[in-house]
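J.: predicted structure and sequence below. I'll ask about it afterward.
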Amino acid sequence: MDGTKYEGEWKDNKKEGYGIYYNKNNCVLYKGQYKNDKIEGFGIIYFTDGTKYEGEFKNNKRDGYGIYYDINGETKEGEW
């Protein structure tokens, strides 16, 4: 096991609904919606460089409206 963990809802042994995914240091990497074991719906992904993206996901990728926050507090907002 790599030390990562998931806390949240399951359906048929797959991530489904709201959940939080942590890295091995117990830092949040993602919190939001899952569907059929993939990131799908609204969520927030936290990157190791201190940036984050908050918005819509589909099939584990940014898809739809979202806001990207860089480490200087600047934002990029729009459709992905």
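T.: Now that the structure is in, tell me what you want to look at.

J.: keeping just the C-alphas, turn stretch 67-74 into CSV.
T.: Coordinates of each C-alpha in stretch 67-74 appear next as CSV, following Å, rounded to 0.1, in the frame of the first residue of the first chain:
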residue,chain,number,x,y,z
ILE,A,67,-11.4,28.5,-11.0
TYR,A,68,-7.7,27.8,-10.8
TYR,A,69,-5.8,29.5,-7.9
ASP,A,70,-2.1,30.0,-8.2
ILE,A,71,0.3,30.4,-5.2
ASN,A,72,0.3,34.2,-5.5
GLY,A,73,-3.5,34.4,-5.1
GLU,A,74,-4.1,35.0,-8.8
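
J.: distance of residue 44 relative to residue 56?
T.: Remark: distance between residue 44 and residue 56 (Cβ to Cβ, to the nearest Å) = 11 Å. The C-beta positions use only the backbone N, C-alpha and C, and glycine is treated the same way.

J.: can you check residue 6 too?
T.: Spatial separation of residue 6 from residue 56 under the definition Cβ to Cβ is 20 Å.

J.: and if you look at residue 74?
T.: 20 Å.

J.: swap in residue 28?
T.: 19 Å.

J.: can you check residue 34 too?
T.: The span separating residue 34 from residue 56 equals 13 Å under the rule Cβ to Cβ.
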